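Undergrad: Sequence and predicted structure are below.
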Amino acid sequence: MLGLVAGCVIGWWMLRLPPEPKASWDNWLTLARDIFLHLIKAMIAPLVFASIVQGIAGTGDLRKVGRVGAKAMIYFELVTTAALAIGLLVVNVVGPGVGVKLAGNAAALGGAAAARPPTLFETILHVFPTSLFDAMARNDVLPIVAFAVIFAVAVSAAGEAGKPVLDFCASLTQVMFKFAGIIMRFAPVGVGAAIAVTVGHQGLGVLLSLGKLVLTLYLALAIFVVFVFGAVIWIARLPLMAFVRAVREPFALAFATANSEAALPDAFARMERLGVPRGIVGFVLPAGYAFNLDGSTLHLAVASVFVAQAAEATTGVHFGLGQQLTMMVTLMLTSKGVAAVPRASLVVLIAALQSFGLPLEGAAMILGVDALLDMARTSVNVMGNCLASAVVARWEGEFDDAKAAASFGRPEAAGED
C-alpha cells in the first residue's frame with residue numbers, strides 16, 4: 001500500500017516535469033515495473049505444471065479430476081452470469097453514456113479492431129498444445145493445465161516408475177514458492193513503479209469526461225463483490241475474515257499492476273495456506289484465468305451498454321432491453337477462452353459492437369481510461385478465482401478450517417511465512 005501511494009505521488013509529480021526529464025523518469029520506472037512483472041511471469045509455468053502434477057498424481061484418485069473440473073465449470077458459469085446481470089442493472093440505472101457525444105477516433109484502436117475472439121472450436125483446440133514448451137514460453141496457462149492433467153494421470157498410472165517424477169514435481173513446487181517469496185520482497189518497488197507510470201501517462205484530467213463510466217464500473221464491481229461473493233462465502237460457510245486476509249495481497253498486487261498473472265503465484269501460496277488442497281488450487285486457479293473472469297465480464301456489460309447509450313445520444317437510435325439481453329448472451333459466449341488474446345476485453349467488446357452495429361468510436365473513448373478500468377476488473381478477477389478454489393474445496397469436503405484459522409485467523413498471522 002505504501003508503494004501504491006508513493007507511486008501515485010511520483011506519477012503526479014512527473015506530470016509537471018519538462019518533457020526530457022519526464023521521459024527519463026518514465027523509462028527507469030517502466031524498467032523497474034517490467035523487471036518485476038517479468039520475474040513474476042517467469043515462475044507461472046513451472047509452478048502451475050508442478051503443482052497440478054503433484055496434486056493429481058499424489059492423490060491417485062483420477063476420478064476426482066473430472067469431478068473437480070465439472071464443479072468448477074458449474075460455479076464459473078453461475079458467477080459470471082451474475083456478473084453480467086449486475087453490470088447490466090447498474091449501467092442502466094446510472095446511465096453513464098446518456099448524453100455523451102461520441103468523439104473518439106476509431107483508428108486509435110489499432111490492430112485490436114481487426115482482431116476477433118476465437119470460435120468455440122478454436123477455443124477447444126487451443127486447450128490442447130502441440131508443444132508444452134511453446135505454451136510455457138508464451139505463459140499460456142490453459143494448455144499447460146491440460147497437458148499437466150494428462151501428464152499427472154500418466155505419472156499415476158506408471159506406478160513406481162513415475163515416483164521420481166512425482167518427487168521432482170513436489171520439490172519444484174516448494175522451490176517455486178520460495179522463488180515467489182524472494183521476488184515478492186520487491187513488490188513495493190514494482191507496484192510503485194507500475195502505478196507511477198500509469199498516473200504519469202494518464203494524468204487526472206482524463207477522468208473528467210469519462211469519470212461517470214469509471215465510477216459506474218467501480219460501483220458495479222463493489223456491489224458484485226459484496227452481494228455475490230458475500231452470498232457465496234455465506235453459502236459455502238467459508239471463514240470471511242480469514243479469506244479477506246488471505247486474498248488482500250494478491251488483490252492489491254493485481255489492482256496496482258493491472259496484471260492478473262502478477263498475482264497468480266502469491267494467490268497459489270495463500271489459498272493453500274487458507275486450507276485449499278494443492279490439487280484443487282492448482283487446477284481451479286489456472287482454469288479460472290480462462291473461464292472465470294468475473295471482473296472482465298462485468299466490465300464488458302457496462303462498457304457495451306455505455307457505448308449503446310452514447311450512440312443513442314449521437315444518432316437517436318434506441319438500444320432496448322431486449323437487444324441488451326441478446327448482447328449479454330453474446331458476451332457470455334465470446335468472453336470464454338480469450339485469456340490468451342492480447343487486450344482480451346477490448347477485443348471482445350469490439351466484436352460485440354460490430355455484431356450489433358454500434359460505433360467503434362465508443363470503444364476508442366473507453367480506451368482513454370482503460371488503464372483505470374483494467375485495475376478494477378483485474379483485481380476482481382483474481383479475487384473471484386481465489387474464491388472459486390475455496391468453494392470447490394468446500395464442495396469436495398476438503399477445505400481445512402483448522403489450517404485457515406491457524407494461518408489467517410489472526411490479523412498478525414496473515415504476513416507470517
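TA: Structure's in. What do you need?
Undergrad: Which residues are in contact with Phe399?
TA: 238, 275-276, 390, 393 (C-beta atoms under 8 Å, 6 or more residues apart in numbering). All C-beta atoms are positioned from the backbone trio N, CA, C, and that covers glycine.
Undergrad: Tell me the secondary structure of it, please.
TA: Here Phe399 is recorded as coil under DSSP: H, G, I helix; E, B strand; the rest coil.
Undergrad: What backbone torsions are found at it?
TA: phi -70, psi 130 (degrees, to the nearest 10).
Undergrad: now it: how far from Met271?
TA: Per C-beta to C-beta, to the nearest Å, Phe399 is found 10 Å from Met271.
Undergrad: same check, this time on Met73
TA: Met73 is 19 Å from Met271, by C-beta to C-beta.
Undergrad: Compare neighbour counts for the two and give me the winner.
TA: Legend: neighbour count by other C-beta atoms under 10 Å for Met73 and Met271, higher for Met271 (28 against 13).
Undergrad: isn't the more buried one right up against Gly279?
TA: No - contact between Met271 and Gly279 fails when scored by C-beta atoms under 8 Å: they sit 11.9 Å apart.
Undergrad: any common contacting residues for those two?
TA: Residues touching both Met271 and Gly279 (C-beta under 8 Å, 6+ apart): there are none.
Undergrad: I'd like to know which of the contacts of Phe399 are buried.
TA: Those of the contacts of Phe399 that meet the buried threshold are 238, 275-276, 390, 393, by 16 or more other C-beta atoms under 10 Å.
Undergrad: Can you tell me which of these is closest to Gly181?
TA: Val276 (18.7 Å; C-beta to C-beta).
Undergrad: which stretches of the stretch 301-417 of the chain form helices?
TA: Per DSSP state H, counting those that start in this stretch, the stretch 301-417 of the chain carries helices over the ranges 321-334, 344-355, 361-367, 370-395, 401-408.
Undergrad: Can you give the distance from the third one to the centre of its chain?
TA: Just to be clear, that refers to helix 361-367. When C-alpha coordinates are averaged (C-alpha atoms, centre = their mean, to the nearest Å), helix 361-367 and its chain have centres 22 Å apart.
Undergrad: Now it: average pLDDT?
TA: Mean per-residue pLDDT for helix 361-367: 75.
Undergrad: What of the second one?
TA: In this model, helix 344-355 has an average pLDDT of 73.
Undergrad: Kindly report the same for the longest one.
TA: Confidence for helix 370-395, expressed as mean pLDDT, is 90.
Undergrad: Now the two most distant members of the contacts of Phe399.
TA: Maximum pairwise distance in the contacts of Phe399, criterion C-beta to C-beta, is 10.1 Å, between Leu238 and Val276.
Undergrad: any common contacting residues for the two?
TA: Counting by C-beta under 8 Å, 6+ apart, the residues touching both Leu238 and Val276 are 390, 399.
Undergrad: longest helix in the protein, by residue count?
TA: helix 63-94 (DSSP state H).
Undergrad: now the helix or strand immediately after that one in the chain against helix 321-334, angle please.
TA: Under the assignment DSSP states H and E, the closest C-terminal helix or strand after helix 63-94 is helix 120-127. For helix 120-127 against helix 321-334, the angle by axes from the mean of the first three to the mean of the last three C-alpha atoms, to 10 degrees is 30 degrees.
Undergrad: who does helix 120-127 touch, helix- and strand-wise?
TA: helix 141-157 (3 or more C-beta pairs under 8 Å, 6 or more residues apart in numbering; DSSP states H and E).
Undergrad: Show me what counts as buried in the helix it packs on.
TA: Buried residues in helix 141-157 (16+ other C-beta under 10 Å): 141-149, 151-152, 155-156.
Undergrad: Reformat those residues as TSV; add distance to Gly66.
TA: Output for the buried residues of helix 141-157, formatted as TSV (distance: C-beta to C-beta, whole Å):
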residue	distance to Gly66
Val141	20
Leu142	17
Pro143	19
Ile144	19
Val145	14
Ala146	13
Phe147	17
Ala148	15
Val149	10
Phe151	16
Ala152	13
Val155	17
Ser156	14
